[in-house]
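# from the sequence below, what's the structure:
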Amino acid sequence: MFGKHLDPAYKGTMQPTPDMMAVAEKLAGFIAGGGRDLPPDLFADGPVAIVENFPPYIFTGSDAVSRWAGHMRAHLDGLTSLTPEFGEAFDCGMSGDEAYFSLRTQWSGFNRGTPFRETGGWALVLARTPAGWRLKGYGWAVIRSTTGADQNTIVED
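Numbers count the residues shown, from 1 in each chain. Coordinates of the predicted model:
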């Protein structure tokens, strides 16, 4: 199970479909927009689980999405010009009406006027509904964060 993932050259043969990727893009658009105007069709109905790098870190329960959205807005305070850049999905799978994929994502923008880049990964779980794919849960993990006086002089934190 884990052996294939230990190979740095491993990339799963299955990739998310464009309509699956549209969910990740919609999530990123919400975040890039400062956490305003949560798309009503982003999350699945029913239980949702979100793991983030800001307190309370895990959002579950019937009000998980609304609580997460409020905390996300607070987390984004002072961040401007957010731009996501996706890499290829590293791992992807489907089982019935659920799909999973991991996606390298790099955010760039400004934190209170100082340029930054943050590289991490999303682990996304989607549910297929009659209206299309919806987000059932995700986890975010930062693996590198840099800041600098300008985008040409990035310094490790």
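
# tell me where this protein has strands.
Secondary structure of the chain (DSSP state E): strands at 49-51, 58-59, 79-95, 98-111, 114-129, 132-148, 154-156.

# pipe those into CSV and attach distance to Trp68, mean pLDDT and mean neighbour count per row.
Heads up, the C-betas are built off the backbone N, CA and C, glycines and all. Formatted as CSV, the strands of the chain follow (distance: least, CB to CB, whole Å; pLDDT from 0 to 100; neighbours: other CB atoms under 10 Å):
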stretch, distance to Trp68, mean pLDDT, mean neighbour count
strand 49-51, 5, 98, 17
strand 58-59, 4, 98, 17
strand 79-95, 16, 95, 14
strand 98-111, 17, 97, 18
strand 114-129, 14, 97, 18
strand 132-148, 10, 95, 17
strand 154-156, 29, 45, 10
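
# Gln15 is nearest to which of these?
Ranking those by proximity to Gln15 (CB to CB) places strand 79-95 first, at 5.4 Å.

# pull the longest helix from this protein.
Ranked by number of residues, the top helix in the chain under DSSP state H is helix 18-32.

# residues making contact with that one?
16, 37-39, 41-42, 72, 76, 82-84, 86, 99, 101, 103, 105, 122, 124, 126, 132-135, 138 (CB atoms under 8 Å, 6 or more residues apart in numbering).

# can you redo the strands of the chain as a markdown table with distance to Ala22?
Output for the strands of the chain, formatted as a markdown table (distance: least, CB to CB, whole Å):
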| stretch | distance to Ala22 |
| --- | --- |
| strand 49-51 | 19 |
| strand 58-59 | 22 |
| strand 79-95 | 12 |
| strand 98-111 | 12 |
| strand 114-129 | 10 |
| strand 132-148 | 7 |
| strand 154-156 | 31 |
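
# perfect, I'm done here.
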